[in-house]
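Novice: below: sequence and its predicted model.
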Amino acid sequence: MALSNNISKIFGIIAGIKFPQFIQRNINKAYIKAFDINMSEFDSYEKYDSLNALFTRTLQNERSLDDGFISPSDGKILELGDSFQNNLKYNIALSIKGSSYDIQDLLKQAATKEELENGVDYVNIYLSPRDYHHYHAPCDMKILSASYVSGALFSVSESKLAKIANLYVKNERVIVKALVNDKFILWMVFVGALNVGKMKFTFDSSIQTNASNYDFTHTYENLFIKKGQRLGNFELGSTIVLISEQGYLKWNKKAYEDVKFSKNLATFI
């Protein structure tokens, strides 16, 4: 197992420690200040009994959902487009400007060559430590499968993406494959990262991340998810890559724009 995975496991243990209340309050307060976290939608920092509880904080009130295809999470768009843009080779996408990844290598067993042969549309959403860490369904969809791909846990910060080639492909990830409107396939790729030792999924609690060195795929029958429904959460920040068969979504955002869960991200074509 890579050093980054072990570091993440240790960090996860520390983050789960429930220190005496007066110490924990100061830890929480320092973390919120260090990352400039807006707590207006969440409980007071005093109510979280561990750093992990603060990382995985839930919204006090539900957000109203915009029309169309919404962002599944809070975060920042690092890149978006289609796999034939900028004279790129077939099925190559950008992680950030100047760095790329191979879509087939990213999706592995979750996608066939036939499903990718007409190209894809993609967007990479980076969740920083200051963001709300839960992820939700961007539209009504039928979940077909969830594939776990073992790997390292490199940081997915912009500086690391610029230095490490094909970083998303090297990292551990869970790929949720879904059918949208009975028309097209959407892949939601949840990329693990340094200090993100766990990703959790509400529809399948048996998926365990940073726990094994073998890949697997779970398939589902009649697993329908409504738009806005919570799918799970990261522990600390990471990245969500959305990939759809090309020609069904038109992105309404640009690279380096901030996004919020529940706000419009794309229009159905």
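Specialist: That came through fine. Being a predicted model, the structure only gives us computed values, none of them experimental.
Novice: mind checking the SS state of D66?
Specialist: Recorded secondary structure, D66: coil (DSSP: H, G, I helix; E, B strand; the rest coil).
Novice: nearest spatial neighbour of it, skipping sequence neighbours?
Specialist: N264 (4.0 Å; C-beta to C-beta, 6 or more residues apart in numbering). The way it works is simple: take the backbone N, C-alpha and C, and place the C-beta from them, glycine included.
Novice: give me the beta-bridge partners of that neighbour?
Specialist: Note on N264: beta-bridge partners I70, judged by DSSP bridges.
Novice: what separation is there between it and R25?
Specialist: 37 Å (C-beta to C-beta, to the nearest Å).
Novice: low-confidence regions, the stretch 51-200 of the chain specifically.
Specialist: 84-91, 96-98, 195-197 (pLDDT under 70).
Novice: how about the helices of it, start to end?
Specialist: 51-55, 103-107, 113-116, 158-163, 167-170 (DSSP state H, counting those that start in this stretch).
Novice: which among these is found nearest to S145?
Specialist: helix 103-107 (11.1 Å; C-beta to C-beta).
Novice: ok, D121 - how many residues close by?
Specialist: Neighbourhood size, D121 [other C-beta atoms under 10 Å]: 24.
Novice: how close does the residue nearest to D66 get to G237?
Specialist: N264 sits 23 Å away from G237, taking C-beta to C-beta as the criterion.
Novice: more neighbours, the two?
Specialist: Counted by other C-beta under 10 Å, N264 and G237 do not tie: G237 has more neighbours, with 24 against 17.
Novice: show me the contacts for the closest residue to the more buried one other than its chain neighbours.
Specialist: Closest residue in space to G237, ignoring its immediate chain neighbours: L127 at 4.2 Å, by C-beta to C-beta, 6+ apart. Contacts of L127 were listed using C-beta atoms under 8 Å, 6 or more residues apart in numbering, and they are S73, D74, G75, H133, F234, G237, S238, T239, I240.
Novice: dump the residues you listed to CSV, plus distance to K198.
Specialist: Listed next are the contacts of L127 as CSV, based on distance: C-beta to C-beta, whole Å:
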residue, distance to K198
S73, 16
D74, 19
G75, 18
H133, 11
F234, 8
G237, 13
S238, 11
T239, 15
I240, 15
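Novice: from those, pick the one nearest V189.
Specialist: Using C-beta to C-beta, the contacts of L127 come closest to V189 at I240, 6.9 Å.
Novice: count of neighbours near F69?
Specialist: 23.
Novice: what's it in contact with, if anything?
Specialist: P138, C139, L249, N264, L265, A266, T267, F268.
Novice: the closest residue to it other than its chain neighbours: what's it in contact with?
Specialist: Spatial nearest neighbour of F69, excluding adjacent residues (C-beta to C-beta, 6+ apart): A266 at 4.1 Å. A266 is in contact with G68, F69, V123, L249, K250, W251, N252, counting by C-beta under 8 Å, 6+ apart.
Novice: list the contacts of the third one.
Specialist: Contacts for V123 were tallied using C-beta under 8 Å, 6+ apart; they are I77, E79, L80, V241, L242, W251, K253, L265, A266.
Novice: so which of the residues you listed comes closest to A110?
Specialist: Nearest to A110 out of the contacts of V123 is V241 (C-beta to C-beta; 11.8 Å).
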